[in-house]
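Colleague: using only what follows, build the 3D model:
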Amino acid sequence: MMKRSLINSILTEGDAFIRSFGYVMPPFAYQSPSELKASDHSMIRERGMGWDITDYGQGKFDELGLFLFTVRNGLEADLKSGNGMLYAEKIMISRDKQLSPMHKHFVKAEDIINRGGGTLVLELFSSDKTGEIDPSADVVVPVDGRLKTLPAGGLLKLEPGESVTLMPGVWHAFWGEGGDVLIGEVSTVNDDRNDNKFKMEIGRFASIEEDEAPKHLLVSDYDTFL
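Modeller: Next up is the predicted model:
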């Protein structure tokens, strides 16, 4: 359970951290809940664009959590038709030693980019024939245009400016090392409700205690507030 006051604080701190690297969020990011509700928000809501602060339902954000903002996103129908907006973009923050837990995607391929700050560390596994983690197979991933082979559970360390491409079925966990990390994600259409499989029995979104009014709505707030 995360208190809304903590989420509001994380939003303010995260926005300042992102701006410190010259990245500015789109205007809809800064609308109040009432302003967003009064505007034409249908595309934003349908595509899951906006703020996303998660502790994966575990109540220990500093240890297990992630800050995300979905800047743009296509639809599942686009992928099925092979036409239209087939891509998505996120900006994220992984705090120093803050784990984003082991998971994979069924559909989404993604480039994970260290946009600045500390070192981004990824722990990687291949999938076996059943789709579960293969504890013995090497992992082969493109790193800035070159294939890199790691042993099962190998750690890939990305310095600012470096990136890795993760194809569907590649299991990955990640965290910051030596400081908070600004992360860019460019991917195929993003579906956070259906396209994540976690190794742990955890939730994708946080449960929220409403101890104060929200500064901005999270993607997971839309069904309640809009």
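Colleague: can we go C-alpha only for contacts and neighbour counts from here?
Modeller: Fine.
Colleague: could you list the low-pLDDT ranges of the protein?
Modeller: Within the chain, no stretch has pLDDT under 70.
Colleague: which residue ranges of it form helices?
Modeller: 4-19, 33-38, 42-46, 76-81, 222-225 (DSSP state H).
Colleague: now for these, which one comes closest to residue 97?
Modeller: Residue 97 lies closest, by CA to CA, to one member of these: helix 4-19, at 16.2 Å.
Colleague: show me what that closest one is packed against.
Modeller: Of the remaining helices and strands, none touches helix 4-19 by 3 or more CA pairs under 8 Å, 6 or more residues apart in numbering; DSSP states H and E.
Colleague: can you list the buried residues in that helix?
Modeller: Neighbour-count burial for helix 4-19, with 16 or more other CA atoms under 10 Å as criterion, is recorded at 4, 5, 7, 8, 11, 14, 15, 17, 18.
Colleague: near the closest residue to residue 174 other than its chain neighbours, how many other residues are there?
Modeller: Spatial nearest neighbour of residue 174, chain neighbours left out: residue 122 (4.3 Å); criterion: CA to CA, 6 or more residues apart in numbering. Neighbour count of residue 122, defined by other CA atoms under 10 Å: 23.
Colleague: same check, this time on residue 82
Modeller: 10.
Colleague: how distant is stretch 108-126 from the center of its chain?
Modeller: Relative to its chain's centre, stretch 108-126 lies at 11 Å (CA atoms, centre = their mean, to the nearest Å).
Colleague: enumerate every residue touching the spatially most central residue of the chain.
Modeller: Among the residues of the chain, residue 68 comes closest to the average C-alpha position under CA atoms, centre = their mean, at 5.0 Å. By CA atoms under 8 Å, 6 or more residues apart in numbering, the contact set of residue 68 is 51, 52, 53, 90, 91, 92, 93.
Colleague: residues contacting the residue nearest to it when sequence neighbours are not counted?
Modeller: In space, residue 68 comes closest to residue 92 once its chain neighbours are excluded; the distance is 4.3 Å by CA to CA, 6+ apart. Contacts for residue 92 (CA under 8 Å, 6+ apart) come out as 66, 67, 68, 69, 182, 183, 184, 185.
Colleague: again, but for residue 225
Modeller: 33, 37, 217.
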